[in-house]
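# the sequence and its predicted three-dimensional model are supplied below.
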Amino acid sequence: MKYKKLLFILLVTICNNVIAAGGGSKLMHMDVDLSDQTSLQRGAAIFTNYCLSCHSAAYMSYSRIGKDLGITDDVLKNNFMFGTDKVGDYMTVSMRKIDSERYFGVAPPDLSVIARSRGADWLYTYFKTFYIDDSKPVGVNNLVFKDVGMPHVFWELQGLQRLNLHGDEGAHHVPTYEDLELVTPGSQTEEEYDQTVRDLVNFLVYLGEPIKLKRTKIGVWVMLYLFVFLIVAYMLKKEYWRDIH
């Protein structure tokens, strides 16, 4: 019975990894750093300027972002909010679901917990592996999300890439990031765009579990308390058992 449980856990883990990879392409790794407040602030700005027009984050309020990331209300109003939004409002979109389904074929998903669903590595690879595909309605495809319905919203920053597969490679070779060639440069260098993606993914990870910032800080004090308690408990144990030993 024990071995059957271990086998089941192993199979579930393998299946989860396959599902996370999506299109089958090998994922690139990204180190998430929620302690980098500047990166989170930049990621929040990228999200509100490029993503929030179609994708909501309906479980997060602007005021929570301001409090967690050290952004004042005035900066929030001038740089992160649009129209009649108020600081206490949640990050919703004005586009109706029925309209988005008509425009895109499917309503763009809410991104509140996308990082917990897909994982940071998947998102990092996704934003870096769009390539030209004239057979698609949006003109692009993606290595980890085959037949993606979303256009490459960062094409002006990254530029446009082409997938290079030579000869019969396409039938047997799983394409990776190394098979992509930049054919139309963007406004950012490769290093600058990489930082842009890292900032955005950092923010999306924070978005999925904002309490993690506070929990990590509290965890340090909890571990310190437990260490001090261990010393006290050990000294009490020695005192109680002194006459016996």
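Ah, there it is.

# and the helix ranked longest in the chain, what's buried?
What stands out as the longest helix in the chain, according to DSSP state H, is helix 211-240. Using 16 or more other C-beta atoms under 10 Å as the test for burial, helix 211-240 gives L213. From N, CA and C alone the C-beta is placed, and that goes for glycine too.

# equivalent analysis for stretch 70-90, please.
Those would be I71, L76, F80, M81, D85, V87, for stretch 70-90 by 16+ other C-beta under 10 Å.

# any idea how far it is from the middle of the chain?
Put simply, stretch 70-90 sits 22 Å off its chain's centre (C-alpha atoms, centre = their mean, to the nearest Å).

# now V75: phi and psi?
Dihedral angles of V75 (phi, psi; degrees, to the nearest 10) stand at phi -70, psi -40.

# tell me the mean pLDDT over the longest helix of the chain?
In this model, helix 211-240 has a mean pLDDT of 88.

# and that helix, what does it pack against?
Taking 3 or more C-beta pairs under 8 Å, 6 or more residues apart in numbering; DSSP states H and E as contact, there are no helices or strands that helix 211-240 lies on.

# next step: the buried residues of stretch 70-90 restricted to helices.
Among the buried residues of stretch 70-90, the members found in helices (DSSP H) are L76.

# which among the buried residues of stretch 70-90 gets closest to F47?
Closest approach between the buried residues of stretch 70-90 and F47, by C-beta to C-beta: F80, at 8.8 Å.

# mind picking the two most distant members of the buried residues of stretch 70-90?
Pairwise distances across the buried residues of stretch 70-90 (C-beta to C-beta) peak at 14.2 Å, for the pair I71 and D85.

# can you give me the strands in this structure?
All strands of the chain, identified by DSSP state E, fall at 57-61, 90-91, 130-132, 140-142, 159-163, 180-185.

# ok, Y126 touching F145?
Yes: Y126 lies in contact with F145 (C-beta atoms under 8 Å); the separation is 6.0 Å.

# and the two? which has more neighbours close in?
Applying other C-beta atoms under 10 Å to Y126 and F145 shows that Y126 carries more neighbours, namely 24 against 18.

# below-threshold pLDDT in this protein: ranges please.
1-24, 166-172, 245 (pLDDT under 70).

# what segments of it are helices?
Counting by DSSP H, the helices of the chain are 2-21, 37-46, 62-69, 73-79, 97-104, 114-118, 120-128, 155-158, 169-172, 190-208, 211-240.

# can I get the second one in CSV, CA atoms only?
The C-alpha atoms that make up helix 37-46 are tabulated as CSV, following Å, rounded to 0.1, in the frame of the first residue of the first chain:
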residue,chain,number,x,y,z
GLN,A,37,10.2,46.3,-3.7
THR,A,38,11.5,48.3,-6.6
SER,A,39,11.0,45.4,-9.0
LEU,A,40,7.5,44.9,-7.6
GLN,A,41,6.7,48.5,-8.1
ARG,A,42,7.9,48.4,-11.7
GLY,A,43,5.9,45.2,-12.2
ALA,A,44,2.8,46.8,-10.9
ALA,A,45,3.2,49.7,-13.4
ILE,A,46,3.7,47.2,-16.3
